[in-house]
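# just the structure for this:
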Amino acid sequence: MNTFFHSVRLDREKCKGCINCIKRCPTEAIRVRDGKAMIIPERCIDCGECIRVCTHHAKKATYDHLDVLRQYEYTIALPAPALYAQFNHLEDVEIVLNALLEIGFDAVFEVAKAAEIVSDATRRYMAQPGIPKPIISSACPAVTRLIRVRFPNLIDQILPLNAPVEVAARIAREEAVQKTGLPPEKIGTVFISPCPAKVTAAKMPLGSSHSEVSAVVAISDVYPRLLKAMHTDGEVSPLAAPQAGKIGVSWASSSGEASALLNDNYLAADGIENVIRVLEDLEDEKFEHLDFIELNACNAGCIGGVLTVENPYIARTKLKRLRKYLPVSLNHASCPEQKHLKWDAPLEYAPVMKLDEDFAAAMEKMSEMERIEASLPGLDCGSCGAPTCRALAEDVVRGSASPDACIYKFRESISSLIDNLQKLNNCIPSTLRGSSSVEETHSKKGGELK
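Model (predicted):
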C-alpha cells in the first residue's frame with residue numbers, strides 16, 4: 001500500500017461529530033466514529049473541501065510559517081498568481097514584489113512567469129501527433145490525485161508537465177546558485193500558496209522524483225505582513241519589472257490556463273463537484289472532440305483556495321482590473337528551461353479503493369457489499385457516520401463498521417427484538433410468569449393490584 005503525506009489534518013478537540021464534511025468529501029475519505037470525524041489517509045487528496053465546510057474549524061491545513069526563512073542563507077519567494085488578487089486597487093505587481101523583499105526574502109521569482117513557460121510548452125506538446133485527447137491539465141495537484149485514486153483510466157491523458165510552481169522553483173534555484181555561488185541546499189525556494197494541496201505536492205510530488213520547493217507558506221499568513229510593507233506612494237525599492245504578463249497572471253482563476261493555449265476547443269471547470277462530473281463524463285467518452293480540459297478543485301480556480309483571504313469572485317474582479325496594465329506574455333519555453341518541464345517519474349494508479357488484492361476475493365466482497373447495500377434504506381442520510389449507504393456497506397465488508405450503525409437498521413433490530421421477547425413471553429406458562437404470579441397472589445389474598 002502506498003504511503004501518503006497529508007496537509008489536511010483533523011483537530012479532534014474541536015470536532016463535534018457533525019456530518020458536514022463526510023457529505024462533501026469527493027473521495028469519501030471521512031467517517032464519523034464514536035462522535036468524532038476520522039480521515040482515511042489513503043483516500044484523502046488534500047483538496048481542502050472539508051476545511052471549507054467545517055463550521056467548527058476542526059479541519060486544518062498544515063503549512064510552513066515565515067520563520068522558515070531562517071533555515072536558509074538565501075531565500076526566494078515564489079508568489080502564486082492568486083496572491084495579487086487579494087489586494088484592493090492593485091495596479092502594479094511590482095508593489096507586491098517589493099513588499100516580499102521587505103518582509104525578508106532575498107529574491108522573487110513569479111510563478112506566473114513559470115505559468116507562461118508551461119503554457120508555451122503545452123502548446124508545443126499538443127501539436128505533436130498521436131497525443132491522446134482531450135489532454136487534462138496537471139496543474140491542480142488535488143485533481144491529479146483524484147484521477148490517480150478514482151479515475152485511473154484517465155491517467156494517460158494527464159499533461160506530463162510539471163506544475164508552474166515546480167518549474168519556478170527549479171529555475172529560481174538554478175539561477176540563484178549561479179548568482180550567489182551557494183550550494184543548492186542553502187537556498188530556500190518558498191511558495192506562497194492558496195491551497196493545502198500544493199503543500200502536499202511539495203512533500204510528495206506527482207510525476208517527479210523530488211520537488212525543488214523548499215517550503216510552502218499560506219497566502220493568509222503572508223497577507224497581513226505584505227499590507228504593512230506595501231508602498232503605493234511611489235517609494236518602491238528598485239527591482240526588475242514584473243516577470244509575467246496577462247497569460248501568467250490569468251492562471252489564478254478558472255479558464256486562465258486553458259485560454260492561454262490560444263485554442264478555443266477546451267473545457268474549464270472549477271469546484272470539486274463539477275470536476276467529478278466532468279471526469280465521469282470524460283470516462284464515458286462524452287468529450288472526444290475537445291483538445292484540452294482544465295480542472296480546478298477550488299471554486300473559481302486558485303483564487304478560491306482555502307488559504308486565501310478574499311472572496312473568490314471578488315478576487316476574480318480584482319484580477320481582471322490588474323490584467324489591464326500588463327502585456328500579453330513575457331515568456332516562452334526556451335531550450336535551457338526544457339529540462340525543468342517534463343515529468344521524470346510516471347504517474348501511477350493508487351488502488352486505494354480496491355476491496356482486496358486478490359481478484360476472486362474482491363469479487364466475493366463486492367457481492368457481499370451489494371447484498372448489504374440492498375438491505376439498507378438507501379437514504380444516504382449520513383447518520384451512520386458514512387457518506388452513503390454504499391459507503392457503509394463497504395465499511396462493513398472491510399470490517400470497520402457494523403450494519404447496525406444504520407439507525408434505521410438498528411431500529412428494526414430493536415423492534416424485532418421486542419417482538420421476539422413478546423412472543424417468548426407468550427410461550428411461558430402463566431404460572432411461571434413473574435408478574436402474573438404476583439397478580440394471582442394478590443387476587444387470592446384479596447389484594448388489589450393497580
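
# Asn425: neighbour count?
Asn425 has 11 neighbours, counted by other CB atoms under 10 Å. Backbone N, C-alpha and C define where each C-beta goes, glycine included.

# which SS class is it?
helix (DSSP: H, G, I helix; E, B strand; the rest coil).

# for Ile414, see how far away it is.
Here the criterion is CB to CB, to the nearest Å. By it, Asn425 lies 16 Å from Ile414.

# kindly report the same for Pro242.
Pro242 is 68 Å from Ile414, where distance means CB to CB.

# same check, this time on Cys44
Counting by CB to CB, the gap from Cys44 to Ile414 is 35 Å.

# of the two, which one has the most company?
Cys44 (24 against 11).

# quick check, pLDDT for the closest residue to that one other than its chain neighbours.
Distance criterion CB to CB, 6 or more residues apart in numbering; nearest residue to Cys44, sequence neighbours excluded, is Ala29 at 4.3 Å. Note on Ala29: pLDDT of 95.

# what number of residues lie near Ala29?
Ala29: 24 surrounding residues under other CB under 10 Å.

# next one: Pro183
Close neighbours of Pro183, defined as other CB under 10 Å, add up to 9.

# likewise for Glu357?
Look at Glu357: counted by other CB under 10 Å, it has 9 neighbours.

# which SS state does it fall under?
Strictly by three-state DSSP, Glu357 counts as coil.

# quick one: it and Leu347, what's the gap?
21 Å.

# grab the nearest non-local neighbour of Ile155.
In space, and not counting its chain neighbours, Ile155 is closest to Leu347: 5.6 Å by CB to CB, 6+ apart.

# my guess is that neighbour contacts Asn162, does it?
No - counting by CB atoms under 8 Å, Leu347 does not reach Asn162; the two are 11.8 Å apart.

# please name the spatially closest residue to Thr388 (chain neighbours excluded).
Closest to Thr388 by CB to CB, 6+ apart is Asp380, at 4.4 Å.

# contacting residues for the one you found?
Neighbouring residues of Asp380 by CB atoms under 8 Å, 6 or more residues apart in numbering: 387-389.

# want to try a markdown table for those residues, with secondary structure, neighbour count and distance to Ile219 as columns?
Shown next, in a markdown table, are the contacts of Asp380 (DSSP: H, G, I helix; E, B strand; the rest coil; neighbours: other CB atoms under 10 Å; distance: CB to CB, whole Å):
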| residue | secondary structure | neighbour count | distance to Ile219 |
| --- | --- | --- | --- |
| Pro387 | coil | 22 | 30 |
| Thr388 | coil | 19 | 34 |
| Cys389 | helix | 23 | 39 |
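
# possible to save those as TSV with pLDDT?
Converted to TSV, the contacts of Asp380 look like this (pLDDT from 0 to 100):
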residue	pLDDT
Pro387	95
Thr388	95
Cys389	95
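
# kindly reformat those as JSON lines containing distance to Ser208.
Output for the contacts of Asp380, formatted as JSON lines (distance: CB to CB, whole Å):
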{"residue": "Pro387", "distance to Ser208": "32"}
{"residue": "Thr388", "distance to Ser208": "35"}
{"residue": "Cys389", "distance to Ser208": "39"}
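
# mind checking what secondary structure Ile192 has?
strand.

# what are the bridge partners for it, then?
Beta-bridge partners recorded for Ile192 (DSSP bridges): Pro79, Val217.

# what about the strands in the stretch 251-400 of the chain?
Here the stretch 251-400 of the chain has its strands, by DSSP state E, counting those that start in this stretch, at 266-270, 292-296.

# pull the residues that contact the first one.
Counting by CB under 8 Å, 6+ apart, the neighbours of strand 266-270 from elsewhere in the structure are 134, 254-255, 257-259, 275, 277-278, 287, 290-301, 304.

# same deal with stretch 400-417?
31, 33, 372, 375-377, 379, 383-386, 389, 392, 395-396.

# nearest to Gly181 among the residues you listed?
Within the contacts of stretch 400-417, proximity to Gly181 (CB to CB) peaks at Arg31, which comes in at 52.8 Å.

# tell me what the helix or strand harbouring that closest one is packed against?
Per DSSP states H and E: Arg31 is located in strand 30-33. Contacts defined by 3 or more CB pairs under 8 Å, 6 or more residues apart in numbering; DSSP states H and E place strand 30-33 against helix 20-24, strand 36-39.

# give the buried residues for the longest one.
Of the residues in helix 20-24, those buried by neighbour count under the rule 16 or more other CB atoms under 10 Å are 20-22, 24.

# gap between Pro312 and Pro194?
Counting by CB to CB, the gap from Pro312 to Pro194 is 10 Å.

# looking at the two, which one has more neighbours?
Shown here are Pro312 and Pro194; by other CB under 10 Å, Pro194 has more neighbours (30 against 22).

# please tell me I have it right and that one contacts Glu310.
No - look at Pro194 against Glu310 with CB under 8 Å: they stay out of range, at 10.1 Å.

# could you give the average pLDDT over stretch 125-140?
Rounded mean pLDDT across stretch 125-140 is 94.

# with stretch 172-179 instead?
pLDDT averaged over stretch 172-179 gives 96.

# let's see that stretch as CSV, backbone CA atoms only.
Coordinates of each C-alpha in stretch 172-179 appear next as CSV, following Å, rounded to 0.1, in the frame of the first residue of the first chain:
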residue,chain,number,x,y,z
ALA,A,172,14.9,30.0,-9.5
ARG,A,173,17.2,27.7,-7.6
GLU,A,174,19.4,27.2,-10.6
GLU,A,175,19.7,30.9,-11.2
ALA,A,176,20.4,31.6,-7.5
VAL,A,177,23.2,29.1,-7.4
GLN,A,178,24.8,30.8,-10.4
LYS,A,179,24.3,34.3,-8.8
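
# residues in contact with it?
Stretch 172-179 is contacted from outside by 74, 76, 78, 107, 109, 182-184, 187, 189, 212, 340, using CB under 8 Å, 6+ apart.
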